[in-house]
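Task: produce atomic coordinates for the following.
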Amino acid sequence: MKQYLILLKGKKELDYSPEELQKRLEAYRIWVTTIHDHYVTDNRLERRGAHLTKKDEIATDGPFLEAKEIIAGFIIIKASNLDEAVEISNSSPLLDYFEMYVRPMIAHE
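All right, here's what the predicted structure looks like:
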């Protein structure tokens, strides 16, 4: 199986209240258990950082406040092909909150 990166990008403002965050995390944890054979790893990203467009030029210097600027995190899964990776990604409850970019990863030889 090949590894695929699922990049999570904000599509709307999120409610970051402890209750809403807990609700999203619980739905995500349940989803991960349903795809356990395909799951590799994941991580959330901090809201601060930098967006570079060319050498020595910062286009956006976080914290990123607008949803469209937020790259919230990533998930790495294993799948037989891109179609299966998309199908797995499409089953995620995080699609209610984020756009997902699904990209095959190149294995180092």
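
Count the residues that sit near A107.
When neighbours are defined as other Cβ atoms under 10 Å, A107 has 7 of them. The C-beta positions use only the backbone N, C-alpha and C, and glycine is treated the same way.

What are the boundaries of the helices in this structure?
With DSSP state H applied, the chain shows helices at 18-34, 82-90, listed in chain order.

how far is the shortest one from where the chain is centred?
What that stands for is helix 82-90. Relative to the mean C-alpha coordinate of its chain, helix 82-90 is positioned 14 Å out (Cα atoms, centre = their mean, to the nearest Å).

Which residues does it contact?
Taking contacts as Cβ atoms under 8 Å, 6 or more residues apart in numbering, the residues outside helix 82-90 that touch it are Y4, I6, I35, H38, I77, A79, L95, M100, V102, P104.

nearest to K54, of the helices of the chain?
Taking Cβ to Cβ as the measure, the helices of the chain were each checked against K54, and helix 82-90 came out nearest at 30.2 Å.

list the contacts for A27?
Counted by Cβ under 8 Å, 6+ apart, A27 has contacts P93.

that older thread, for the contacts of helix 82-90, which single residue is the most surrounded?
When neighbours are counted as other Cβ under 10 Å, the busiest of the contacts of helix 82-90 turns out to be I77, with 25 neighbours.

For that residue, which non-adjacent residue is closest in space?
The shortest distance from I77 to any residue that is not its chain neighbour, by Cβ to Cβ, 6 or more residues apart in numbering, is 4.6 Å, and that residue is H38.

Right, I'll call it a day here.
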